[in-house]
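**Student:** Whatever this is, show me its structure:
(one chain, ligands or ions: 3)
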Amino acid sequence: MGHIQVPANGEKVTVNADGSLNVPNTPIIPFIEGDGIGVDITPVMRKVIDAAVSKAYNDEKSIAWMEIFCGEKAAETYSGDWFPAETLEAIKEYVVSIKGPLTTPVGGGFRSLNVALRQELDLYVCQRPVRWFSGVPSPVKEPNKVDMVIFRENSEDIYAGIEWKAGTDEANKVVKFLQEEMGVKKIRFPQEVGIGVKPVSEEGTKRLVRKALQYTIDQDRDSLTLVHKGNIMKFTEGAFADWGYELAREEFGAQPIDGGPWCSFKNPNTGKEIVVKDVIADAMLQQILLRPAEYDVIATLNLNGDYLSDALAAQVGGIGIAPGANLSDDVALFEATHGTAPKYAGQDKVNPGSLILSAEMMLRHLGWNEAAELVVKGMEGAIEAKTVTYDFERLMDGAELKSCSEFGEEVIKHMA
Ligand SMILES: NC(=O)C1=CN([C@@H]2O[C@H](COP(=O)(O)OP(=O)(O)OC[C@H]3O[C@@H](n4cnc5c(N)ncnc54)[C@H](OP(=O)(O)O)[C@@H]3O)[C@@H](O)[C@H]2O)C=CC1
Ligand SMILES: O=C(O)CCC(=O)C(=O)O
Ligand SMILES: [Mg+2]
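**Tutor:** Ligands and ions are numbered 1, 2, ... in the order given. As a prediction, the model looks like this:
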């Protein structure tokens, strides 16, 4: 049964044949409130975005928010269905939407609702920009040197959840197949072993790296780094790097540097050199701490991207301020990097910055850059005034502790 109420005052965003968007003055934007702290941060995000849009366009534009359901609120609304079909349909039909974090139901048949959403909608890019806002407390000496954009492959890898529990018939069958038909002798304890599969394809890799390189060109960035553990997992992570370089050479005309595999090409818009390089994943975790200025756009596999996102976020203030987007060729679903932080749920305490900045990305995606600029101005102003939530307050000298909703009010105040 349908539970989505379509706002009467709004219109749909549509996609043109060339992939660009038609954005009406009152676009209908579906939102999922989210579990845990979703109840705290989502209303604050909406209020901040409404204020920015109203101010930027003199009330000539506004967002017609449309609540859609997933996770715990869906289970309550749809008699136990955590993942309603009409939610998926709405995300597809309305093209641009935003979500709060989701918990995975225990025994609900889903490994992760977030991963399921990405898979069902083929949102193959997880784009996570990481940059420092002046005044944000950081554990590193020069957080201003961190300015990277992660393109995390969002549909493949060990993250796809193809695995079998130890001791089950399925796990035993896979082990038997590997040993008897594939000649595998390296399974250390074959009797009681959980076993997983790591699919990484040429098509999946190339479509991700293509998006990352196009972004590098469009945003006039300096380099793209392929992050992988190909020295150990040669045919999955190693192939990711090989296919990434191949794409750079074949589709972007990159030429090898000193015999390769690093290569470079000229940005067709600016003539500036773009370097395509690679770094092994464990070394990358050191590099981002010691030499962050050398890294710009990053393309990586699903699990590496998950780890890198939180590690990089920590360098610029933590996951309370880390935004993101899940993208296919036409659908965009914006979401924070963090999860449901259940211990803080309903306390009006956490930092809504991550979801606000995810919505700021959404405004830019809609072409509403003036409103996006106001959001950034408001965030910068609130942080510089040291009126911040607990996560920043505990690390800042002389800061004034604000609740989640009060921080939202501060952001709005500083848009003026
Ligand atoms: N996309 C999604 O919907 C995601 C969902 N999840 C799910 O969320 C649940 C909880 O995961 P968990 O591993 O605890 O990770 P979380 O990201 O939910 O929280 C970990 C810690 O990060 C800090 N934190 C998170 N969000 C904020 C915020 N808005 N403001 C300030 N600090 C914040 C808190 O740190 P401190 O304690 O130091 O204050 C918190 O305890 C799991 O079910 C997981 O699967 C996880 C990641 C993404
Ligand atoms: O889906 C989840 O529960 C976790 C996902 C996650 O950590 C991420 O996408 O960064
Ligand atoms: Mg994560």
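**Student:** When you work out contacts or count neighbours from here on, use the C-alpha atoms and nothing else.
**Tutor:** Noted.
**Student:** Pull up the residues of this structure that are close to ligand 1.
**Tutor:** 101-104, 114, 319-320, 337-341, 350-352, 391 (C-alpha under 6 Å from any ligand atom).
**Student:** Which of those residues fall within helices?
**Tutor:** Counted as lying in helices by DSSP state H, out of the residues of the chain next to ligand 1, are Asn114, Asp391.
**Student:** got a list of what the residue in the stretch 151-300 of the chain positioned nearest to ligand 1 touches?
**Tutor:** Minimum separation of the stretch 151-300 of the chain from ligand 1 (C-alpha to the nearest ligand atom) falls at Asn154, amounting to 11.8 Å. Neighbouring residues of Asn154 by C-alpha atoms under 8 Å, 6 or more residues apart in numbering: Arg118, Gln119, Leu123, Tyr124, Val125, Cys126, Leu301, Asn302, Asn326.
**Student:** quick revisit: near ligand 2 too, which of the residues of the chain next to ligand 1?
**Tutor:** Within the residues of the chain next to ligand 1, those near ligand 2 by C-alpha under 6 Å from any ligand atom are Asn114, Thr337.
**Student:** could you flag which of the residues of the chain next to ligand 1 are buried?
**Tutor:** Buried by 16 or more other C-alpha atoms under 10 Å: 101-104, 114, 319-320, 337-340, 350-352, 391, out of the residues of the chain next to ligand 1.
**Student:** Lowest-confidence one in the residues you listed?
**Tutor:** pLDDT is lowest at Thr104 among these; the value there is 82.
**Student:** average pLDDT for stretch 187-204?
**Tutor:** On average, stretch 187-204 scores 96.
**Student:** Any figure for the gap between the closest residue to ligand 1 within the stretch 101-250 of the chain and Tyr307?
**Tutor:** Closest contact between the stretch 101-250 of the chain and ligand 1, by C-alpha to the nearest ligand atom, is at Pro101 (3.2 Å). The spacing between Pro101 and Tyr307, counted by C-alpha to C-alpha, to the nearest Å, is 17 Å.
**Student:** Save the contacts of Asn154 as TSV, and put in neighbour count, secondary structure and pLDDT too.
**Tutor:** Output for those, formatted as TSV (neighbours: other C-alpha atoms under 10 Å; DSSP: H, G, I helix; E, B strand; the rest coil; pLDDT from 0 to 100):
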residue	neighbour count	secondary structure	pLDDT
Arg118	21	helix	96
Gln119	15	helix	95
Leu123	22	coil	98
Tyr124	24	coil	98
Val125	27	strand	98
Cys126	28	strand	98
Leu301	29	coil	98
Asn302	23	helix	98
Asn326	25	strand	98
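**Student:** could the residues you listed be laid out in JSON lines, adding distance to Ala382?
**Tutor:** As requested, the contacts of Asn154 are exported to JSON lines (distance: C-alpha to C-alpha, whole Å):
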{"residue": "Arg118", "distance to Ala382": "33"}
{"residue": "Gln119", "distance to Ala382": "37"}
{"residue": "Leu123", "distance to Ala382": "33"}
{"residue": "Tyr124", "distance to Ala382": "34"}
{"residue": "Val125", "distance to Ala382": "31"}
{"residue": "Cys126", "distance to Ala382": "28"}
{"residue": "Leu301", "distance to Ala382": "35"}
{"residue": "Asn302", "distance to Ala382": "34"}
{"residue": "Asn326", "distance to Ala382": "27"}
